[in-house]
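Undergrad: everything below, folded, please.
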Amino acid sequence: MKNIVITGANRGLGYELAAEAAARGYQVWAGVRGPGSSAEKLLALAEQYPEQVHVLPLDVTDEASVRYAFQELAARIDSLDIVINSAAILLGRDQKLEGLEMELVEQSFQTNLYGPMLVMKHALPLLKKGSDQAIINVSSEAGSMAGAYGGDYGYALSKSALNMFTAQLRKQFSPLGYAVYAVHPGWIRTDMGGEKAPGNAGESAAGILDLAERKQGDAEGAFFVNQRGEPMKL
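TA: Below you'll find the model as predicted:
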């Protein structure tokens, strides 16, 4: 049974990814920030799949937490096959540049960029022992320089930087056979996307796992793609 780590798995797209992975037969290590995080749905999923879904305390903004999580994981499994960095925040949405709170920008980078970097730093020893490995960073069209707009500064800039980090990972690990993508999941109905979003988070999760399983994607070597594996403009 393949092992998959999903960050931010207690809500939104992260939860849907965990549910889809469990349904596909994965051993799911579902990262949750901490005791204060709402995780009722995830705990119910763990009850539904008691041998497959495991809640993993994992605060991507705290290196000690990330290090400890992967130390605990290494004591329980021999290898890791897929990492999906889904944890993200969107802060200061209505702020104009002249009133921008830089603390919110810093917090955005802490979660949206430094978080995936910390996760990959500590996941690699186990991931290198896996098979058909995949690294999926959940990005956003907001991180596209081709589609830049005035607003969502912390979110857009951190996602753009995440795309660069993904490009670096792809350069290093795709020659070893890894699937590496930054994925725009679409405008989906989650707490972040809102109720008016046209997309279904479950369908997006299925598409992202199809990328990890190499059922779609890699069109002309594109690494920044949407949930259907179609290239996005950087």
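
Undergrad: what are the contacting residues of the longest helix seen in the chain?
TA: Looking across the chain with DSSP state H, the single longest helix is helix 153-173. For helix 153-173, the external contacting residues (CB atoms under 8 Å, 6 or more residues apart in numbering) are 88-93, 95, 97, 100, 104-109, 111-113, 116-117, 120, 133, 135, 137, 139-140, 142-145, 148-149, 178, 180-182, 223-224, 234. To be clear about C-beta, it is placed using only N, CA and C from the backbone, and glycine gets the same treatment.

Undergrad: return a PyMOL selection command for the buried portion of those residues.
TA: Applied in PyMOL, the following selects the buried portion of those according to 16 or more other CB atoms under 10 Å:
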select buried, resi 88+89+90+91+92+95+104+105+107+108+109+111+112+113+116+117+120+133+135+137+139+140+142+143+144+178+180+181+182+223+224+234
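
Undergrad: in helices, which of the contacts of helix 153-173 fall?
TA: Mapping the contacts of helix 153-173 onto helices (DSSP H) picks out 104, 105, 106, 107, 108, 109, 116, 117, 120.

Undergrad: columns pLDDT on top of those residues, output as a markdown table?
TA: Below are those laid out as a markdown table (pLDDT from 0 to 100):
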| residue | pLDDT |
| --- | --- |
| 104 | 97 |
| 105 | 97 |
| 106 | 98 |
| 107 | 98 |
| 108 | 98 |
| 109 | 98 |
| 116 | 98 |
| 117 | 98 |
| 120 | 98 |
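
Undergrad: for this protein, identify the residue most remote from the centre.
TA: Computed with CA atoms, centre = their mean, the residue of the chain farthest from its C-alpha average is residue 98, at 30.9 Å.

Undergrad: from residue 10, how far out is that residue?
TA: Separation of residue 98 from residue 10 (CB to CB, to the nearest Å): 36 Å.

Undergrad: would you map the strands across this structure?
TA: For the chain, strands defined by DSSP state E occupy the ranges 3-6, 27-32, 53-57, 82-85, 134-138, 179-184, 224-226.

Undergrad: a markdown table for those strands, including distance to residue 20 and mean pLDDT?
TA: Formatted as a markdown table, the strands of the chain follow (distance: least, CB to CB, whole Å; pLDDT from 0 to 100):
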| stretch | distance to residue 20 | mean pLDDT |
| --- | --- | --- |
| strand 3-6 | 10 | 98 |
| strand 27-32 | 9 | 97 |
| strand 53-57 | 12 | 96 |
| strand 82-85 | 10 | 98 |
| strand 134-138 | 12 | 98 |
| strand 179-184 | 14 | 97 |
| strand 224-226 | 17 | 96 |
